[in-house]
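> Generate a structure from the sequence data that follows.
(chains A and B)
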Amino acid sequence: MSANVLHLDNVTMQFGGVVAVNDVSLDVNEGEIVALIGPNGAGKTTVFNVITGVYAPTNGRVTLRGKVIAEDQPRGKMRKLYSGGHAYMYPHTVNNTPDKITKQGMARTFQNIRLFKSMTVFDNVLVAKHMNLKAGFLRTALHLNGAEERRIREETQALLEVVGLTDVQDEIATALPYGKQRRLEIARALSTKPSMLLLDEPAAGMNPQETEELCAFIRDIKDRFGLTVLLIEHDMNLVMDISDRIYVLNFGALIAEGTPAEIQQNPEVITAYLGVAEE
Amino acid sequence: MTIAGKTPKTKKLDRATLISIFIIALVYVLAFVLEQVMPATSMLFTVLKKGATYALVAVSMNLLNGFTGLFSLGQAGFMLIGAYTYAIFTIPVAQRMNVYQYYNGGLVQFSLPVILALVLAGLFAALFAFLIGLPVLRLKSDYLAIATLGFAEIIRAIFQWDKIGVLTNGSNLLRLFPTFADFNVRDANGTVLVYWSTFVPFVIAGVCIALIMLLINSSYGRAFKAIRDDETAAEAMGINLARHKMIAFCVSSFFAGVGGAMLAMYANSVQAKSFTTAMTYEILLIVVIGGIGSVTGSVLSSFLFVASSEWWLRFLDQEQMIGAWKVPLLRNGFRLVVFSVIIMAVVLFFRQGIMGTRELPDLFRKRHKLAGKGARKA
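All right, here's what the predicted structure looks like:
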């Protein structure tokens, strides 16, 4: 039942002498909501960037549904510089650009909202359907794929209804209020028909009420689209409320893993992170 | 429910689009009628022919710089390839001895129909774009601009190299190929019965621009705009950056190549050294003045630009007398000074250009009732 969806083996990301992510191994199983938390600069977004192909890992392996999507070991100058763990256990080099990984069914949102600024809400969601077009370049460019274009427009329309953005669909994306921009980013990610969704601080800048709505929204889309979710978040209420499991990252390394209740009791985590957040 | 979303989109197309289509049709009819009734030597037709040519090249540049966000300055280079391809393949076999007088009649000993040669001009430009694009498109913004600029310069030098003169005629002119004037229908005495020499470039440019518009409004156009707005996000949405940038680059170059062929037809001769960097800048200016991201803007400003530089501002280059008073400063070259000032003013105060990112139908949608009709005819 709970098959493994995403699996990281000893992933290290080192920039020059700086080890941003150090020897991280984690698992996300089918249908779970897993949170990745940690103080600022702990390397959470870097983990996302490795998973989604923005960075190639310095060492380690990323597997999505049993398929290796990234694997490498220290090369060139990095052989001398490397200071992470478990070096030279991953001899193959597998590199995928972010678009290829999205095509494998993994979509993401960004910490600082990255919408297509000049495009309407509708087009923002519609453009995510582009990668699945069957018609070739010439047919599409000459508008000879009418049926397909109609289909993706209808799908977009239906999706906008689900996420509740129909009333603003003809607005320019950046004209939306902040909360709706966040929601639009998630809608755009959903438009690629992912089986796994990565959310990078979805509640950043939201007030408690908006955060609560977001929480319900994430649960809703998870059930509706059968998603597995990995999220980065600083809002502890959201994290504790929504997550099945939590990984805690500090200075690039994992320091704890467990259910929300376990994490709240973990002394190491409290020292590193929650202790500060509590009072 | 799902169909409900389609209707507002189609409804919006109605009136504004119809008016736009009507205006464009009117411009074409006017161009045709005026050509029949006015003397063929009128400056107006020079402007219209060159304007149509520049409009196509400007729109092709806008596709790349405005819609895809790739700042390329290789336009003159691709025009050169297009112009040469067209000329090389259309010079009548009987004339080749005259043209290639230093190269024994040249290498190519056949000639193709004009339409075919135009397509070939585009294809060759696109082929070069593909080859140059492989290494160059990895670069971003200014670096891409520098690399493409360098490419255009290299191409210009290579085409003048006398070792490949059998093909390019070295640094000599290519001429005697079919030009716009050859489309005029004449009787046995050579008197013109029907003038087509302005209408034909309008048709060529019109068809090409319509194709570009189709592309811009297709799913690929949306992907281009996504890349322009945010590369990282576009890639995360599954858009293959390398592939889409390459497509935009090749398509843009294809139409620049066709534009180059049109410029050859307009100028009656081709010489590599005339495809200078200054030409690319002229086209860049047209794009900026018209509005980066607006096809209509590029077309309008092409005609305005050509009319100003070839016609309306010519008086600045000669001494002018108002009554007995001699206007100071006016002399050969002063036109360019005025031009530069206008350009600076545009860049400083009207960065949006004439149209911003709006298109012709947008003018009839909201309160923006701009000079759609009047300016277009200029």
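
> residues touching the closest residue to chain A within the stretch 251-378 of chain B, list them.
Proximity of the stretch 251-378 of chain B to chain A (CB to the nearest CB) peaks at residue B:357, 6.8 Å away. Every residue, glycine included, has its C-beta placed from N, CA and C. The neighbours of residue B:357, taking CB atoms under 8 Å, 6 or more residues apart in numbering or on different chains as the test, are A:118, B:291-294.

> now do residue B:319
B:326-327, B:330-331.

> if you set the cut-off to 6 Å instead, what comes out?
Applying CB atoms under 6 Å, 6 or more residues apart in numbering or on different chains, we find residue B:319 in contact with residue B:330.

> Name the nearest residue to the residue nearest in space to the middle of chain A, sequence neighbours excluded.
Centroid check for chain A by CA atoms, centre = their mean gives residue A:198 as the closest residue, at 1.9 Å. Sequence neighbours aside, residue A:108 is the residue nearest to residue A:198 in space, at 4.0 Å (criterion: CB to CB, 6 or more residues apart in numbering or on different chains).

> re earlier: mind checking which of the contacts of residue B:357 are in strands?
Of the positions in those, not one sits in strands, assigned by DSSP state E.

> and the residue minimising distance to the centre of chain B, what is it in contact with?
Taking CA atoms, centre = their mean as the criterion, residue B:57 is the residue nearest the geometric centre of chain B, at 1.9 Å. Residue B:57 makes contacts with B:256, B:259, B:283, as judged by CB under 6 Å, 6+ apart.

> just to revisit the earlier point, how confident was the prediction at the residue nearest to residue A:198?
Listed pLDDT for residue A:108 reads 95.

> Repeat that for the one 5 residues further on.
The model reports residue A:113 with a pLDDT of 92.

> Same check on residue A:89?
87.

> can you tell me which helix or strand it belongs to?
Per DSSP states H and E, residue A:89 falls between elements, in no helix or strand.

> What residues does chain A have near chain B?
When proximity is defined as CB under 6 Å from any CB of the partner chain, chain A approaches chain B at A:98-99, A:102-103, A:108, A:114, A:116-119, A:123, A:127-128, A:130-131, A:133, A:140-143, A:154, A:157-158, A:192.

> How about residue 138, nearest residue that isn't a chain neighbour?
Answering for chain A, as no chain was given. Counting by CB to CB, 6+ apart, residue A:138 lies nearest to residue A:144, which is 8.0 Å off, once chain neighbours are set aside.

> please go with chain B instead
In space, residue B:138 is closest to residue B:242, 8.0 Å off (CB to CB, 6+ apart).

> Checking my notes, the one you found in a helix, right?
Yes: assessed by DSSP: H, G, I helix; E, B strand; the rest coil, residue B:242 belongs to a helix.

> still on that earlier bit, can you tell me which of the residues of chain A next to chain B end up in helices?
A:98-99, A:102-103, A:123, A:140-141, A:154, A:157-158 (DSSP state H).

> ok, the closest residue in space to residue B:71 that isn't next to it in sequence - how many residues close by?
Computed as CB to CB, 6+ apart, the closest residue to residue B:71 that is not its neighbour in sequence is residue B:145, at 4.7 Å. Other residues near residue B:145 number 19, with proximity taken as other CB atoms under 10 Å in any protein chain shown.
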